[in-house]
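# Give me a 3D structure for the following:
(2 chains)
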Number of protein chains: 2
Amino acid sequence: MSDMIDVGDMENISLGATVLGTGGGGDPYVGKLLAIEALRRHGPVRTIPLDALPDDAHVVTCGAMGAPTIVIEKIPSGEELAKALRYYEAASGRRVTAVIPFEIGGVNSCLPIAVAANLGLPLVDADGMGRAFPELQMCTFNVHGLDACPVVLADERGSLAMVETRSAAEAEGIARALCIRMGGQANVISFPMTGKECRMSAVPATISLARGIGRVMREAASGRRNPLKALIAHLATTHYGLAKRLGAGKISDVARQFRNGWAIGTVTIAPFDGGEPFRLQVQNENLIVARGGEVLASVPDLICLLDIDTAAPLPTERLRYGQRVNILGIRAPEILRSEAALRIVGPRAFGLDHDYRMLA
Amino acid sequence: MSDMIDVGDMENISLGATVLGTGGGGDPYVGKLLAIEALRRHGPVRTIPLDALPDDAHVVTCGAMGAPTIVIEKIPSGEELAKALRYYEAASGRRVTAVIPFEIGGVNSCLPIAVAANLGLPLVDADGMGRAFPELQMCTFNVHGLDACPVVLADERGSLAMVETRSAAEAEGIARALCIRMGGQANVISFPMTGKECRMSAVPATISLARGIGRVMREAASGRRNPLKALIAHLATTHYGLAKRLGAGKISDVARQFRNGWAIGTVTIAPFDGGEPFRLQVQNENLIVARGGEVLASVPDLICLLDIDTAAPLPTERLRYGQRVNILGIRAPEILRSEAALRIVGPRAFGLDHDYRMLA
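Here you go, the predicted model:
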C-alpha cells in the first residue's frame, strides 16, 4: 500500500471499516467527515507498517466508546481526542510519537486518521481488534498483557477524566460509567505502549485491509459486478482468509434497547427459502447468528448484514423491518483465535453458552 | 486551641463532627479509628489557623464522597486518600503543603487528620462547608470561584480517576458517576488552591469548633449536666452564634432509599405534645424540618436530631422507628448566608420551594 492516507482514500476506508465493524463500531460517516476535514487542512497522514514501527516509539490508541446508536446523534467536534491526547502527555510527561486505532471497525477507523492529521502524527497500519468489539478489554493489547491505563476520556463539553486501574476490565467498567455520564459516548485515549509492545500485540495491516475492502467493493459496484462476490474473493487473498455467505432473508423484527451504555438487541431474519428464521444477537456488534438450534457463526468471527441489492454493510442502528439482507461470515484473523484471545473475545466472554468453532 | 491534634482529641472531634454533620457526612466512627491509628503511628498532627496560612501554601481538600449508608459498610483502608493525593502531585507536578477537610461534618473531619498524619502534612483549621452537604460544588471554595479540578477519586480496589471539568457542578456530576461505579463511596482530593485562596474562602476554625463541641458535651455528660444545654450555651460563644431546640418527639416513620448515589428520605417525628408531626427531609444530610405548613429550619442552617436521653447526635442512617429525639437548629456561619452562597447551598439549590430564613 501507499504509505500515505489522503482525502481520496476516505470513502474506501470508511466502507471497509463498516464491513469490519460487523454491525457495530459506530457509523463511520461522521468520522469520515472529520478525517476529510483534517486531511484537507493539514495534508496526508503517513502510515507506518506494523513491522516498521521502531522499538522506542510511544504509541497510544484513540477512538470513541459508547453506544453506536448515540454516536450518530451526538456529533464530536474533532477536538476532543486531541485534547485527551495532550492531557495524557501533560500528566505522564511522555510525548506520543504515533497513534493507532483501538478498533478498525466503524467510526474508530476514521477518528485516529483525523487525530493524526490534526496533530501531525503518523498512524500505525494496524489496530487492537481487527474488527469492532463492545468493550475496552477486548483489545489484543490486553490479551498480550499490556496495561490499558492511563485511559483518558473527553466529552464535547470540555470534561476530561484520566483513569488508572489494576486491570483492563476494571478500566472498562469505570470508563463505561464515565461514558454513560458523558451522554452515552466519549472519546478515549488508552493503552500507551512502546513500538515493540505494539508490534507483538496489534492486528497487522488493518487500515490497508479496510481500504482494500472498500476499493474492491466500490470498483465492483461501478463496474456492474457483484460487490459481495468481489468482497469474498478479496478477503480470501488477505490474512483473514475466508468469507462466506451464510444465508439471506428479510428482517422481520428488530428488538433493540440502550442498556448499560450499549445497544443491545436481537434481530430476526425470515429466510427467503422459508423454514426457520435466522436469529442474530447484538451487543453494539453482531455477536452470534443461529438458525434452528445451529450456530452459523459467532464472535470473534465477523458477522455482517449487507443490503441485498446494493451490498451496503448495515450497522445495527440502521436496521429496520422489511430490509432484505445477505448474512456474511468472515473468519477472524489468527491473533483473535488463540486460547488466550478466546477467553476475552470468545462467545463465553459475552455470556453466550457456546464454544467457538472457527468459520470453515 | 493547641496547634496539635493527638489521639486524645479524636473522641471530641468525632462527636463534634457528628453534630456538625447535621445527620449526614457519614458516621465518623471508621474515620476516627483510621485517624487514631495514624496518630499513634506517626505522632500528632500540626494544625494551622486559617489566618496563619502562608500565601504560597499549596492546599488540597480531602475526604470521602458517597452515601453515608454505604460508608459504614464499605470500610476504607486509609491508604486510598494518600494514593489519590500522590497521584495528584505526580500528574500536576505540584507538591501539597497542607490539607483541609472539604467538609467538617461527619467522617470527613477525621479522614484528613489520618491523611495529614500518614503523609506528615499540617492540617488547616478550617473547612469548605462549615457542616456537611451532599454535593462537591456546595463548598465555599466554589462559592468564591475556585476551581474544583483536578478532582482525584480513589477506591479500595486500587482504581484512580482524575477529573477536569469546566465547573464544580460538572465535576460533581462526573465524580458522582464514578463514585456510584466505585461502589457508592469514593475517596476524593479536590480544590487545589494557594494559601491565599484558602484564607479568603474557607469556613474558619471548624476543627477547633468540632473539638470544642465534643469537649463541652462530653464534660457535661460526665458531670451529670445536660449535654444539649451545654452545647447550646457553647455554640452561643462561637462564630456560629445561635443554637435552638425546635421540638421533641418520637420517630414514627423513616422512608429512606439509595438513589443516584445519595441516601434520600423523609423522617416523620410525632411530637410529645400531640398535634401536627414534624417532617424532616433528607439528602444525605437533614435539609429542612417543618411542622404543619411552617418551616422551622432549613439549609444552610444546621438541623440535628439528638437522642433525648443521651444527647447523642443521630446520623440519618442510624434513625429507626421509636427513637425519641430532640430537634436542634444551629445557625450557619455568615459565610454560608451570603447571597452568592445561598444560590449554591440555599433551599432552592436542593429543589425545595422555600426561601431561606435565618434561624433566629
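
# Tell me how far the most centrally placed residue in chain A lies from A:Val345.
The residue lying closest to the centre of chain A (C-alpha atoms, centre = their mean) is A:Gly105, at 2.3 Å. To A:Val345, A:Gly105 is 13 Å away according to C-beta to C-beta, to the nearest Å. For every residue, glycine as well, the C-beta is placed using N, CA and C.

# which residues in the stretch 201-350 of chain A form strands?
Here the stretch 201-350 of chain A has its strands, by DSSP state E, counting those that start in this stretch, at A:203-204, A:243-259, A:262-271, A:278-283, A:285-291, A:294-298, A:302-307, A:324-330.

# Turn these into a markdown table, columns for distance to B:Gly130 and mean pLDDT.
Listed next are the strands of the stretch 201-350 of chain A as a markdown table, based on distance: least, C-beta to C-beta, whole Å; pLDDT from 0 to 100:
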| stretch | distance to B:Gly130 | mean pLDDT |
| --- | --- | --- |
| strand A:203-204 | 56 | 98 |
| strand A:243-259 | 42 | 93 |
| strand A:262-271 | 43 | 91 |
| strand A:278-283 | 48 | 95 |
| strand A:285-291 | 52 | 96 |
| strand A:294-298 | 59 | 97 |
| strand A:302-307 | 59 | 97 |
| strand A:324-330 | 63 | 98 |
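
# Let me know the pLDDT of the closest residue to A:Ala236 other than its chain neighbours.
Spatial nearest neighbour of A:Ala236, excluding adjacent residues (C-beta to C-beta, 6 or more residues apart in numbering or on different chains): A:Leu242 at 6.6 Å. Here, the pLDDT recorded for A:Leu242 equals 96.

# next one: A:Gly78
Per-residue confidence (pLDDT) for A:Gly78: 74.

# In contact with the residue lying closest to it once chain neighbours are set aside, which residues?
Counting by C-beta to C-beta, 6+ apart, A:Gly78 lies nearest to A:Leu34, which is 4.4 Å off, once chain neighbours are set aside. By C-beta atoms under 8 Å, 6 or more residues apart in numbering or on different chains, the contact set of A:Leu34 is A:Pro76, A:Gly78, A:Cys110, A:Leu111, A:Ala114.

# quick revisit: from B:Gly293, how far out is the residue nearest to A:Ala236?
Distance of A:Leu242 to B:Gly293, computed by C-beta to C-beta: 76 Å.

# what does A:Asp27 give?
Distance of A:Asp27 to B:Gly293, computed by C-beta to C-beta: 55 Å.

# So which of the two has more stuff around it?
Between A:Asp27 and B:Gly293, counted using other C-beta atoms under 10 Å in any protein chain shown, A:Asp27 has the larger neighbour count: 21 against 6.

# So the more buried one is in contact with A:Ser109, correct?
No - counting by C-beta atoms under 8 Å, A:Asp27 does not reach A:Ser109; the two are 11.4 Å apart.

# and after the worst-scoring helix or strand of chain A on mean pLDDT, which helix or strand comes next?
The weakest-scoring helix or strand in chain A, judged by mean pLDDT, DSSP states H and E, is helix A:68-71 (a mean of 64). Note on helix A:68-71: by DSSP states H and E, the next helix or strand toward the C-terminus is helix A:80-92.

# Low-confidence regions, chain A specifically.
A:1-2, A:68-72 (pLDDT under 70).

# So which residues on it come close to chain B?
Selection of chain A residues close to chain B by C-beta under 8 Å from any C-beta of the partner chain yields A:87, A:91, A:157-166, A:170, A:173-174, A:176-178, A:180-182.

# closest to B:Met138 out of the strands of the stretch 201-350 of chain A?
Comparing those against B:Met138 with C-beta to C-beta, the closest turns out to be strand A:243-259 (31.4 Å).

# can you count the residues close to A:Leu123?
By the measure other C-beta under 10 Å, the count of residues near A:Leu123 is 23.

# A:Val96 should be in a helix, yeah?
No - using DSSP: H, G, I helix; E, B strand; the rest coil, the assignment for A:Val96 is coil, not a helix.

# contacting residues for it?
A:His58, A:Val59, A:Val60, A:Leu85, A:Tyr88, A:Glu89, A:Leu121, A:Pro192.

# Just the ones in helices from the residues of chain A next to chain B, please.
Per DSSP state H, helices hold the following members of these: A:Tyr87, A:Ala91, A:Glu170, A:Gly173, A:Ile174, A:Arg176, A:Ala177, A:Leu178, A:Ile180, A:Arg181.

# how is chain A carved up into domains?
For chain A, the structural domains run A:4-204, A:240-350, going by automatic domain parsing.

# Deepest in the core, which of these is it.
domain A:4-204 (a mean of 23; mean count of other C-beta atoms under 10 Å in any protein chain shown).

# and it, how far apart are its ends?
16 Å (C-alpha to C-alpha, to the nearest Å).

# about what we covered before: farthest-separated two in the ones in helices among the residues of chain A next to chain B?
Distance extremes for these: the farthest pair is A:Ala91 and A:Ile180 at 23.4 Å, using C-beta to C-beta.

# Pull the contacting residues for A:Gly184.
Contacts of A:Gly184 by C-beta under 8 Å, 6+ apart are A:Gly66, A:Ala67, A:Ile70, A:Lys74, A:Phe258, A:Gly261.

# Which one of the residues you listed is nearest to chain B?
Ranked by distance to chain B (C-beta to the nearest C-beta), the contacts of A:Gly184 are led by A:Gly261 at 11.0 Å.

# I'd say that closest one and A:Leu136 touch.
No - A:Gly261 is beyond contact range of A:Leu136, at 11.5 Å (criterion: C-beta under 8 Å).

# And stretch A:140-152, end to end?
Stretch A:140-152: ends 19 Å apart by C-alpha to C-alpha.

# next one: stretch A:352-359
Stretch A:352-359 end-to-end distance (C-alpha to C-alpha) = 17 Å.

# ok, and what's touching that stretch?
A:242, A:244, A:281, A:287-288, A:295, A:297-301, A:329-331, A:337, A:342, A:346-348.

# do the same with stretch A:263-270
Outside of stretch A:263-270, the residues within contact range by C-beta under 8 Å, 6+ apart are A:24, A:67-69, A:247, A:249-258, A:277-284, A:305, A:316-317, A:319, A:325, A:327.

# Pull the distance from that stretch to the chain's centre.
Centre-to-centre, stretch A:263-270 and its host chain are 19 Å apart (C-alpha atoms, centre = their mean, to the nearest Å).

# do you know how far A:Glu73 is from B:Arg199?
Per C-beta to C-beta, A:Glu73 is found 47 Å from B:Arg199.
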